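K.L.:
quick one, fold the following:
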Amino acid sequence: MSADRTDRPARSGRAPQMQGAVARSPFPPIASFAFLSDCHTGALVAPDGAIAWLCPPRFDAPSVFATILDRQAGYFRFGPFDVNAPSARNYEPGTNVLVTTWKTPTGWAEVRDALTILPRSEPDTTTPHTRAPADDDAGHCLVRTVTCLDGHVELELICEPVFDYGRTEADWVSTDVHCATASGAGTELRLRSDLPLGVQGGHVRARHTLRAGERAFCSLSWADDLAGPETVEEAAAQLETTVAYWRDWLADATIPDHPWREALERSALTIKGLTYMPTGATVAALTTSLPETPGGERNWDYRYNWIRDSSFTVQALHYLDLDWEADEFVEFLSGLEPNGDGSLQIMYGIDGRRDLTETTLDHLTGHRGARPVRIGNGAFAQRQNDLYGAVLDAILMHARQSQRVPRTLWPVIRSQAECATAVWREPDQGIWEARGEPQHYVSSKIMCWVALDRASKLAELVGADEDVVRWRAVADEIAADLLAEGVSGRGVLRQHYGTDALDASALLAAIYGFLAPDDERLRATVLAIADELTADGFVLRYRTEETDDGLSGREGTFLICSFWLVSALTIIGEGARAKALMEKLLRIVSPLGLLAEELDTETGQHLGNFPQAFSHLALIEAARRIIMIERLLEFV
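P.N.:
Residues are numbered from 1 along each chain as shown. I've put the predicted structure just below:
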């Protein structure tokens with residue numbers, strides 16, 4: 001049986017059992033999926049070639065294919081019949097275009113998959129832009145081609161969308177033997193192929209034998225006009241245009257000539273692929289509810305923009321000389337609607353919307369039984385005092401790079417500085433969005449210090465002398481309080497006031513420069529985390545048995561925290577240890593170079609939503625620091 005398909009009865013023309021069905025086929029490991037993107041939405045492709053996740057026309061829309069969350073929640077495969085393990089899967093170098101090579105009993109075939117990005121002459125009406133549109137934009141179409149390389153290959157197409165997160169079966173209408181339109185829950189999809197298509201209940205099937213040198217295609221469009229390629233030549237041309245887009249984009253980046261170049265390129269392509277082109281926002285991950293604890297309840301919707309990612313995003317983009325993307329992201333930040341007190345929410349929708357009310361999809365089985373499946377994210381209403389520092393650090397980096405502070409940003413700078421001044425003494429939910437009681441988290445105090453420190457530096461740039469003095473004084477007050485209450489008896493930064501528990505977020509004291517590299521408290525903190533808050537060398541956020549996060553069950557090691565440890569070790573002069581950990585981290589990336597949120601060190605499996613922008617951003621930051629040190633040493 002395929003590793004990613006519904007049961008065999010669907011082949012006989014009977015509609016598969018939908019809501020409430022028991023999953024009868026295994027879930028592939030999270031790290032086995034390939035990621036496609038058109039910078040409006042993304043898809044995950046399972047090892048057997050099936051589309052396991054797709055939410056058209058934008059990242060946060062309801063899914064039409066979701067077998068990664070329920071084996072009955074939508075399925076689309078185009079590839080060799082009854083062969084489920086490919087011989088090779090790779091990206092076209094420098095792109096997010098997938099190439100899968102298949103060996104069958106009778107021949108060899110190659111499948112190419114992409115969400116197309118094409119030259120655009122007319123405004124996009126499917127997902128309109130609020131920023132200036134680029135010359136190339138999403139085609140709002142999944143294009144797939146197959147070439148028989150040798151012998152002959154029996155090819156199958158099965159397309160079975162289930163709209164609205166697996167709740168609404170498709171109503172198909174066939175316009176001719178090569179085209180059919182599916183509708184449901186207010187969404188339309190048009191399937192085209194040069195294979196003869198047969199509508200059977202809620203799905204479409206086709207089968208054909210390709211011989212050496214022959215090609216076939218299919219496309220699935222959700223554009224307003226349902227446009228898509230109508231011949232294999234048009235399909236192949238659109239794939240080549242998409243390849244050229246990604247390579248041209250990557251050519252604008254400056255990637256160091258270093259053994260880690262491939263990892264940096266894939267991270268850059270992944271971050272770009274998680275960016276919503278119409279607004280410049282970056283989603284935290286492509287998916288919702290992939291579990292942090294196998295079979296557990298730590299399942300969240302990450303298809304939104306987290307403000308705390310801001311400084312890491314801007315840092316990474318400027319390091320790679322992707323200044324246009326950095327500018328777009330800062331523009332997105334500057335246009336967000338604040339709360340009544342001028343503060344920003346901890347997260348926003350990719351269109352800037354504020355209401356991310358959380359609900360559960362109880363009809364879905366969840367990935368390997370991990371429930372509930374959530375859409376929306378209730379943490380949007382939490383108090384998290386760290387975000388002011390993330391915003392102002394990002395703005396300061398961008399201002400230094402562009403050598404100006406735009407007028408539109410000064411009100412944002414002032415409001416975030418004043419909010420940090422007003423709330424830094426208050427407890428909050430912390431960087432990890434704990435659903436337990438609010439605490440005086442040390443990392444939140446650090447980031448409030450960052451907010452006032454960066455605000456004072458920005459005030460210097462614009463000549464606001466009174467603000468410089470006032471904000472600098474508040475930064476000093478925060479630092480004094482933090483060092484008096486936030487350091488344990490052995491000289492290590494605490495998780496929060498009143499406990500000696502460790503927390504990996506204390507590594508931000510090094511990354512943001514709260515303590516000097518030679519400060520003994522910083523060194524003690526970094527080494528304590530490295531030695532005591534790790535599993536097989538990988539870093540835990542905290543120990544769940546010591547922390548009231550409002551949830552049950554264990555969780556895996558957090559990859560972003562492990563990359564933070566690499567950066568922090570570099571900062572305190574432990575370069576050899578930092579590089580060894582970096583090499584270890586690079587060995588656990590997925591076969592296609594992607595990272596989830598967590599790693600289960602007992603099984604080696606990736607956990608959490610996938611691919612995870614924060615993990616890739618932290619990879620770039622850690623690599624940047626080590627490469628910089630290496631190059632400085634070359635000249636010593």
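
K.L.:
any low-confidence regions in the chain?
P.N.:
Residues of the chain meeting the criterion pLDDT under 70: 1-25, 435, 547-554, 634-636.

K.L.:
count the neighbours of residue 59 for me.
P.N.:
Residue 59 has 27 neighbours, counted by other C-beta atoms under 10 Å. No exception for glycine: its C-beta is placed from N, CA and C like everyone else's.

K.L.:
again, but for residue 185
P.N.:
14.

K.L.:
can you check residue 111 too?
P.N.:
Neighbour count of residue 111, defined by other C-beta under 10 Å: 22.

K.L.:
who are the neighbours in contact with it?
P.N.:
49, 78-79, 98-100, 102, 144-146 (C-beta atoms under 8 Å, 6 or more residues apart in numbering).

K.L.:
element containing it?
P.N.:
strand 107-119 (DSSP states H and E).

K.L.:
dump that strand to PDB, restricted to CA.
P.N.:
Coordinates of the C-alpha atoms in strand 107-119 are reproduced here as PDB (Å, rounded to 0.1, in the frame of the first residue of the first chain):
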ATOM      1  CA  GLY A 107      11.300   1.300 -16.700                       C
ATOM      2  CA  TRP A 108      12.400   4.600 -15.200                       C
ATOM      3  CA  ALA A 109      10.400   7.800 -14.900                       C
ATOM      4  CA  GLU A 110      11.000  11.400 -13.600                       C
ATOM      5  CA  VAL A 111       8.400  13.600 -12.000                       C
ATOM      6  CA  ARG A 112       8.800  17.300 -11.600                       C
ATOM      7  CA  ASP A 113       6.500  19.300  -9.200                       C
ATOM      8  CA  ALA A 114       6.100  23.000  -8.600                       C
ATOM      9  CA  LEU A 115       3.800  25.700  -7.500                       C
ATOM     10  CA  THR A 116       4.400  27.900 -10.500                       C
ATOM     11  CA  ILE A 117       5.700  31.500 -10.400                       C
ATOM     12  CA  LEU A 118       5.300  33.300 -13.700                       C
ATOM     13  CA  PRO A 119       5.700  36.800 -15.200                       C
END
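
K.L.:
after that strand comes which helix or strand?
P.N.:
Next along the chain from strand 107-119, counting by DSSP H and E, comes strand 136-160.

K.L.:
buried residues in that next one, which are they?
P.N.:
Of the residues in strand 136-160, those buried by neighbour count under the rule 16 or more other C-beta atoms under 10 Å are 136-149, 152-160.

K.L.:
strands of the stretch 301-450 of the chain, start to end?
P.N.:
Secondary structure of the stretch 301-450 of the chain (DSSP state E, counting those that start in this stretch): strands at 305-306, 347-348, 359-360, 374-375.

K.L.:
my guess is residue 378 contacts residue 358. True?
P.N.:
Yes - counting by C-beta atoms under 8 Å, residue 358 is a contact partner of residue 378 at 3.8 Å.

K.L.:
who's in contact with the residue positioned nearest the centre of the chain?
P.N.:
The chain has residue 285 as the residue nearest its centroid, 2.5 Å off, counting by C-alpha atoms, centre = their mean. By C-beta under 8 Å, 6+ apart, the contact list for residue 285 reads 274, 302-303, 597, 608-613.

K.L.:
repeat for residue 566
P.N.:
Residue 566 neighbours (C-beta under 8 Å, 6+ apart): 578, 581-582, 585, 622, 625-626.

K.L.:
the same query, at a cut-off of 10 Å, please.
P.N.:
Listed by C-beta atoms under 10 Å, 6 or more residues apart in numbering, the contact set of residue 566 reads 507, 539, 574, 577-585, 618-619, 621-623, 625-626.

K.L.:
buried among those residues? Make that a PyMOL selection.
P.N.:
Of these, the buried ones can be selected in PyMOL as follows, counting by 16+ other C-beta under 10 Å:
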select buried, resi 507+539+574+577+578+579+581+582+585+618+619+621+622+623+625+626
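
K.L.:
my guess is residue 177 meets residue 197, correct?
P.N.:
Yes - shown here, residue 177 and residue 197 form a contact pair, counting by C-beta atoms under 10 Å, at 6.3 Å.

K.L.:
shared neighbours of those two, anything?
P.N.:
residue 206.

K.L.:
if you count surrounding residues, which of these two has more?
P.N.:
Of the pair residue 177 and residue 197, residue 197 is the one with more neighbours under other C-beta under 10 Å, namely 23 against 12.

K.L.:
any of the contacts of residue 111 buried? List them.
P.N.:
Neighbour counting by 16+ other C-beta under 10 Å classes 49, 78-79, 98-100, 102, 144-146 among the contacts of residue 111 as buried.

K.L.:
for the residue nearest to residue 142 when sequence neighbours are not counted, pull up the helix or strand it's in.
P.N.:
Distances taken as C-beta to C-beta, 6 or more residues apart in numbering place residue 220 nearest to residue 142, at 4.6 Å, with adjacent residues excluded. Assigning secondary structure by DSSP H and E places residue 220 in strand 215-221.

K.L.:
paired strands for that strand, with orientation please.
P.N.:
Partners of strand 215-221 in the sheet, by DSSP bridges, are strand 136-160 (antiparallel), strand 187-193 (antiparallel).
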